[in-house]
Each structure stands twice: as structure tokens, then as C-alpha cells.
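> pasting the sequence and the predicted model now:
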Amino acid sequence: MPTGILLIQKTKKGFRALLDRQNDRPPMPLSFLRVSDDRHHGSNCEYRMDKGKITSLKILPDGPVLHPRQGVVARHPRQKRDRQQANSRLGSNQYRISAETCYLPADSLRHIRASEIDNCHLKLNKTVNFRQERNRKKPVLFQKQDRKGNSFSIMLDFRRTEPLLQELHTRQAKQLTHLSSSHVSKDFQADWRTVAGIGGESVYETSLCLHPLYGIPYLPSSAIKGLIRSSILLTCFRDEENIQEHLAMRHPLFAALFGCDGSGLDKRARQGSVRFLDALPLSAPRIEADLINPHYPAYQNGNSPPAGWQDPIPVPFLTLSPQDAHGHPLRFRFCMYVHSDEAIGRFEGYEHLCLIDGHWREGLSPQSSLLDVCVYWLGYGLQMYGIGAKTAVGYGYLSS
């Protein structure tokens, strides 16, 4: 059974618990565990995990065994039933396409209904709902229920696009066969939420990477190539202070993978030999909402020092859930190929990228190809650094 360290942090509302799994990743929040003091801070513990979630935790050596439902205050059945009846009687989802909420041409408003839009990229970016906030209208992603039970949420359901998603995977496999005789596909499973494209252009303050034609969430090929390249630079070409990128440009294997500028060994700029395709989910993904909550907005705008009287301004954003629309683990398929037959052979300098402490890295050998090296560093990067945004707080980590 794996072990870790239980961390207890003081917050404004009390205490919160986190688990340090001692694997070079940020501590995992234990939202199911309610603690009233910090007496167990720093305690060693054992835990069980199932599908990326902690199912039980035991404080060592003779502490209690804690389960997800333990410590959570349950609402009385009558209160829960009365609340549900009140919501069904008074409240509803206020997302709608109308002249009062959306800035669309009048003829479009007469013919479009929200339930008919199956392209979630168009639905998210073209049918933007504007809500009155003080003296201006603001684009809204979602709002909690008010006193009347009304809420607001853009319903992005990808289950209707599953046949299209399977057709895209079939088309991608045929493309790999026609493009090169040397290609590979590898599936990875999301450990927790994933968010890509959060800084993209959008009328909202945040964005989500959706395919402009098909409306399906995906991981761009540029991000995949950048992750593999950065993983190699941070691991193999880094001294105590800086990344020695000029040394990487002169390395034959690195140049074969990603290309180099005129500072290489042959003093000639050239492209890399490996091409990367966008990573698509294997099943219909599910969207989950999250919040960025800046506590010192005036300080971040450069207007005043940080102070406790400043009001937090929550910024909502959308993420991909670690479970798909059917409740199964969400998996992505990563594809790459070698575009030139001349680059299929072996290059010099394999040892520097493929050996660690004199031993071959897991899955690599003297007979490994360029694609074998890419697949290894892809898995290494997804597990150690993550892909997309907010990886410092646990987003974007995947495992095979």
C-alpha cells in the first residue's frame, strides 16, 4: 500500500487537509476529510487509490482508517427533499438564446435553438449570454442558484459527437499509414482535471481548447511537441542554474527529433524528423467548472499593496473532468510519425538521452528508434510536468 504525508493547512474558515504522495507532484487536496485542528500535520499515512481518487486513508501507526464519506455532514432527507421541490417549482437554468441575452443577428435568433447546436465550439463562443452586472453587461459562463432557485450554465454535452469522434480516430489512423511507414499511437489516462487553451482569445476571461470544426476538446500537437522538447531540455541539458539549449542544438539526436538552428554541428538550420498529431479523447469528455479566485485584485493591478479588505473576484473557467460522459476514465490518444525515411535509422548520441546512471531508461534499448525515444519522453513529461495550464496545482497530469 502506498504511503504519504498528511498535511494540514490553516485557512480563513478553519483547516484543510492535503496528501503529499512524495512523487514530485503537488499535494493532493482531500476535500472529503474535515479536520478541526492540525494535530495530525506531518503524520505518515497509508492510502488506497481507485481511478485517480483516494478511497481510504489510514494514519500510521495505529490511527483510524478514513473513508470519503467520513466527516461529511449529511443533510436531513426532509430538508434535501424540500430543497429539490423548491428548485423544481421556482428555479431553472437561465441559459437561452434570445435578443435580451445574446448579441446575434435577428434572423439567426429566429431560427436557432440552444438544443439544436451540437458543435460546442460554436455554442460556447457564438451564443454568449450577457448578464447585467451593476452598470454593464458581462459575458457569463455559469452562476450559482439565487434565492429563487434560478441558475445559469452553458450545457456542453459531447455524447452526441461520439460517432464523429470515432470517425476522426479512424481517419487519423489511415493518415498515419499513408504518411509514413514508421508511426506510433499511444494512449494515456487523465489523473485529474485537464485544461488546455485557458489563455486563448475569448469574450470570457478564460477559454478552453475546442476544435473549431468539430467542437471537440483536444490537446494541440504544438503543446505535445513542446512538452517532449521541454522534458528533454530540463532533464538532460540543464546545469545548476540554466538550461543549456545551445548544447541541445549541437546534439545529433535532439536535432533529429526537433530540428535545430544554424548553431548545430553541420551549421545548417533544418526541421525535425518527427511530426505530431493532435491528441483526441477516446470517448465523449465531460466538462467541469472551476474557479480562479484572486484575493488581492487591487494589488495585482498595481494599485495598492495586498490587504485583507480587498474583495476577491472569482474568475470561472472550464476544465476536462478525469471521467468521461459515461463515468469511465478519460483517455487521450497521442499519435506521431517520422516524415522522412532517411530519419528512421539510428543517430549518434542516444546514450545521453536514453541512459540514466549508466542504465537504459525504462522501455528503451540500443535498438530504440526515434519514435521510441519520443514515446518515452512523452510519458515522462505527462507524469512529471503535465500538459496544458495550471500544472503547478495538479492539472494536466496523465499516465499510461
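Good, I have the coordinates.
> quick one, strands of the stretch 301-400 of the chain?
Remark: strands assigned in the stretch 301-400 of the chain by DSSP state E, counting those that start in this stretch are 315-320, 331-338, 355-356, 359-360, 398-399.
> export these as JSON lines, with columns for distance to Arg134.
To be clear about C-beta, it is placed using only N, CA and C from the backbone, and glycine gets the same treatment. Shown next, in JSON lines, are those (distance: least, C-beta to C-beta, whole Å):
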{"stretch": "strand 315-320", "distance to Arg134": "17"}
{"stretch": "strand 331-338", "distance to Arg134": "41"}
{"stretch": "strand 355-356", "distance to Arg134": "58"}
{"stretch": "strand 359-360", "distance to Arg134": "62"}
{"stretch": "strand 398-399", "distance to Arg134": "41"}
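> quick one: low-confidence parts of this structure?
Along the chain, the parts satisfying pLDDT under 70 run over 67-94, 114-115, 145-152, 264-265, 341-349.
> what's the separation between the residue nearest the centre of it and Gln143?
Among the residues of the chain, the one closest to the centroid is Thr194, at 1.5 Å (C-alpha atoms, centre = their mean). Thr194 sits 24 Å away from Gln143, going by C-beta to C-beta, to the nearest Å.
> do the same with Asn293
Spatial separation of Asn293 from Gln143 under the definition C-beta to C-beta is 15 Å.
> the more surrounded of the two?
Remark: of Asn293 and Gln143, Gln143 carries more neighbours, 15 against 10, as counted by other C-beta atoms under 10 Å.
> so the more buried one makes contact with Arg131?
Yes - the pair Gln143 and Arg131 passes the contact test of C-beta atoms under 8 Å, sitting 7.3 Å apart.
> isn't Pro64 right next to Ser56, touching?
No - Pro64 is beyond contact range of Ser56, at 10.4 Å (criterion: C-beta under 8 Å).
> these two: which is more packed in?
Ser56 (15 against 9).
> list the beta-bridge partners for the more buried one.
Arg48 (DSSP bridges).
> same check, this time on the one 10 residues further on
Taking DSSP bridges, one obtains Leu57 as the residues bridged to Leu66.
> how far away is it from His41?
As for Leu66, its distance to His41 is 15 Å (criterion: C-beta to C-beta).
> what of Gln189?
Taking C-beta to C-beta as the measure, Gln189 falls 32 Å from His41.
> next one: Asn242
Using C-beta to C-beta, we find Asn242 at a distance of 36 Å from His41.
> so for the two, which residue has more residues nearby?
Looking at Asn242 and His41 with other C-beta under 10 Å, you find the greater number of neighbours at His41, namely 15 against 8.
> look up the closest residue to Leu219, ignoring the ones flanking it.
With sequence-adjacent residues excluded and distances taken as C-beta to C-beta, 6 or more residues apart in numbering, Leu219 is closest to Ala279, at 4.0 Å.
> residue contacts, the one you found?
Applying C-beta atoms under 8 Å, 6 or more residues apart in numbering, one finds that Ala279 lies in contact with Tyr218, Leu219, Ser221, Ile224, Phe332, Arg333, Phe334, Cys335.
> circling back: beta-bridge partners for the residue nearest to the centre of the chain, please?
According to DSSP bridges, the partner residues bridging Thr194 are Leu320.
> hmm, it is touching Gln323, no?
No - the pair Thr194 and Gln323 fails to qualify as a contact (C-beta under 8 Å) at a distance of 11.7 Å.
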